[in-house]
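Novice: Quick one: sequence plus predicted model below, questions after.
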Amino acid sequence: MKTFLTATILSLAATGAFAAGHCAAGKTLTDGTLTIATGNPAYYPWVLNDAPEAGEGFEAAVAYALAEEMGFAADAVTWVRTSFDEAIQPGAKNFDLNMQQYSITAERDKVVDFSAPYYTAPQAVMTTTPVVEGGATATMESLKGLKWGVVASTTALPVVMEQIQPSQSPLVYDDNANITAAMKAGQIDAALFDLPTALFTAAVLMDNGVVLGQFDPAAAENPDQFGMLMPEGSALKACVDEALAAMTENGTLAAIEAQWLQEATGVPLIK
Amino acid sequence: MTRRAAYEARQKRRANMIAGVSTAIVLALVVLLVPLAPGWEAVRSSFFNGEVFVRVFPDLLRAFVLDVAIFAWSVPLIFALGLAIALARGNTNPALFPLRIFGAVYVDLFRGIPVVLLVYLVGFGIPGLGLPRPWNSPYIWGTVALVLTYSAYVAEVLRSGIESIHASQRNAAICLGLSERDTMRYVILPQAIRRVVPANMNMLVALQKDVALLSFIGPVEILRQAGIFKSLLANFTPYVAAAVIFLCITVPATRYADYLMNRDRDARS
């Protein structure tokens, strides 16, 4: 009898609108609340105005849609801020999910858990008008001759070193703000970002920024895919993946991407 | 051997034995107890991961060459400028009073500003004024920032050394007919500089670590290289490997300074 009841409850739980909510029950840091971490500061267009609570910006919107899919109301979502280091330190974490454009890599996956990818980011080259006027074009040959700058904590450095193989060794910075400063100071010619970040940086942070071109993500051996980071062995991972799969299937994810990352078309592919 | 010498030797042996046993007990406790902590496996694999250590060590060593180079070309500049500032502050000529003011302001300013800010300000700010390559290089302006800060510290250390030399030395030199310049050069400075060697060794060890701040404006030196590996491998072991490399330099350097100082003290006593 007891087995029968359990089986009934399980099968009930596995169907209908309750499914996701039940799935996450008891698996979050605080019961009934989903704690999501983002960067400090969080950058456009991932989070608008550094205020994820507003749900504006691609990652903020994905977070709230995911929470809804998992059965959390919008007011049951709590935001915290972490650095990359806090996300990978051994020991207890202060978040259920961490979303700040983490690229999924096999090495990182050994230490933490990643959700299924929620965005595939083409890598794009940002430079300045003087460099373009100086003859830089969206070809590998031309890119080799440039002085490169990348952000240390991203996967851009391996891409620059292995695919572009520049003639001068690249300079490495802590964040986008320092890259912009170095580019304004003429110390670097070009920087490699994910496309949305490149578009934003070129348009807003730089006076004469240009997005020279993007790498075709379909052609890349390991396309840069963003995943939500969770502590290693997180019980929540299955629920998050299930919710993300549902969001992909019903078009929610694509709609959010179209709303917040729409300007990504029209950038030439690098040959 | 006198009875007293025999007694002292016995006492010494006993003290050595107690020191050895207590050190062994502390070490044993650390080695045995720390791994019993529930999170030890996680900490070990993210800080003391042998596989990661072996993989990153050669690259870190290569990056460390840059640290050594920046250090090597900064040190002579720092000491030259530091000495100049110390002398400017110490001069007693009324006509050169502006120089004294300059020395005081320089020291106050550059000792007071955080090195990081100076590295950003000089490293991005001055090239941002529109210098052409290669004169806007972060290596040049990062070095300038380090030299500005450290020369202010070294100037104060040297000044304290100069002031610690007893007035009778200066008077004696004047009696011998030495000019003020020669007094400083042949009498005061040789004694003053020797007296502040330990303080300056301290500065050098601190400088060796602050060289890493240049990575903020682009150069890939050892700590930056370790940071890159940390991000790629999601593991802190590269920092431990960098620390090992740093210690290989700083520990012998400090011991050597100790040796020099002891030799100097023995020679004088």
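Specialist: Cool, got the structure.
Novice: CA atoms for contacts and neighbours, from now on please.
Specialist: Will do.
Novice: Distance across stretch A:109-124, terminal residue to terminal residue?
Specialist: 24 Å (C-alpha to C-alpha, to the nearest Å).
Novice: and it, is it in reach of chain B?
Specialist: Yes. Applying C-alpha under 8 Å from any C-alpha of the partner chain, one finds stretch A:109-124 touching chain B at A:V111.
Novice: Could I get the buried residue list for that stretch?
Specialist: Neighbour counts over stretch A:109-124 (16 or more other C-alpha atoms under 10 Å in any protein chain shown) mark A:111-119, A:121-124 as buried.
Novice: can you tell me which residues contact A:Y44?
Specialist: A:Y44 is in contact with A:50, A:57, A:197, A:200, counting by C-alpha atoms under 8 Å, 6 or more residues apart in numbering or on different chains.
Novice: any idea whether it is helix, strand or coil?
Specialist: coil (DSSP: H, G, I helix; E, B strand; the rest coil).
Novice: go on, A:V210?
Specialist: Following three-state DSSP, A:V210 is assigned to strand.
Novice: which strands and helices sit next to the longest helix that chain B contains?
Specialist: Longest helix in chain B by number of residues (criterion: DSSP state H): helix B:50-90. Counting contacts by 3 or more C-alpha pairs under 8 Å, 6 or more residues apart in numbering or on different chains; DSSP states H and E, helix B:50-90 is packed against helix B:97-112, helix B:138-164, helix B:197-210, helix B:222-233, helix B:237-268.
Novice: List of residues touching the first one?
Specialist: In this structure, residues lying in contact with helix B:97-112 by C-alpha under 8 Å, 6+ apart are B:85-86, B:88-91, B:148-150, B:152-153, B:155-156.
Novice: cutoff 6 Å now
Specialist: B:85, B:88-89, B:149, B:152 (C-alpha atoms under 6 Å, 6 or more residues apart in numbering or on different chains).
Novice: how distant is that helix from the center of its chain?
Specialist: Taking C-alpha atoms, centre = their mean, to the nearest Å, one finds the center of helix B:97-112 at 22 Å from the center of the full chain.
Novice: For A:M247, list the residues it contacts.
Specialist: Going by C-alpha under 6 Å, 6+ apart, the list of residues near A:M247 reads A:L253.
Novice: any idea how far it lies from chain B?
Specialist: 29 Å (C-alpha to the nearest C-alpha, to the nearest Å).
Novice: A:G135 now?
Specialist: From A:G135 to chain B the distance is 17 Å (C-alpha to the nearest C-alpha).
Novice: Might you report the residue contacts of the residue in the stretch 151-271 of chain A that chain B sits nearest to?
Specialist: Nearest residue of the stretch 151-271 of chain A to chain B: A:A185, at 3.9 Å (C-alpha to the nearest C-alpha). By C-alpha under 6 Å, 6+ apart, the residues touching A:A185 are B:127-128.
Novice: Close to chain A: what parts of the stretch 151-269 of chain B are there?
Specialist: Neighbours of chain A within the stretch 151-269 of chain B, by C-alpha under 6 Å from any C-alpha of the partner chain: B:216, B:218-219, B:228, B:231, B:233-234.
Novice: mind running it again at 7 Å?
Specialist: By C-alpha under 7 Å from any C-alpha of the partner chain, the residues of the stretch 151-269 of chain B that approach chain A are B:216-220, B:227-228, B:231-234.
Novice: Enumerate the residues of chain A near chain B.
Specialist: A:88, A:90-91, A:107-108, A:111, A:152-153, A:171-174, A:181-182, A:184-185, A:187.
Novice: A:E86 should be in a strand, yeah?
Specialist: No. A:E86 is assigned helix when assessed by three-state DSSP, not a strand.
Novice: nearest spatial neighbour of it, skipping sequence neighbours?
Specialist: A:K93 (7.8 Å; C-alpha to C-alpha, 6 or more residues apart in numbering or on different chains).
Novice: So for that neighbour, what's the pLDDT?
Specialist: For A:K93, the pLDDT comes out at 86.
Novice: Need the residue closest to the centroid of chain A.
Specialist: Nearest to the mean C-alpha position of chain A, by C-alpha atoms, centre = their mean, lies A:Q101 at 2.0 Å.
Novice: so who does it touch?
Specialist: Contacts for A:Q101 were tallied using C-alpha atoms under 7 Å, 6 or more residues apart in numbering or on different chains; they are A:F226.
Novice: pLDDT value on it, please?
Specialist: 89.
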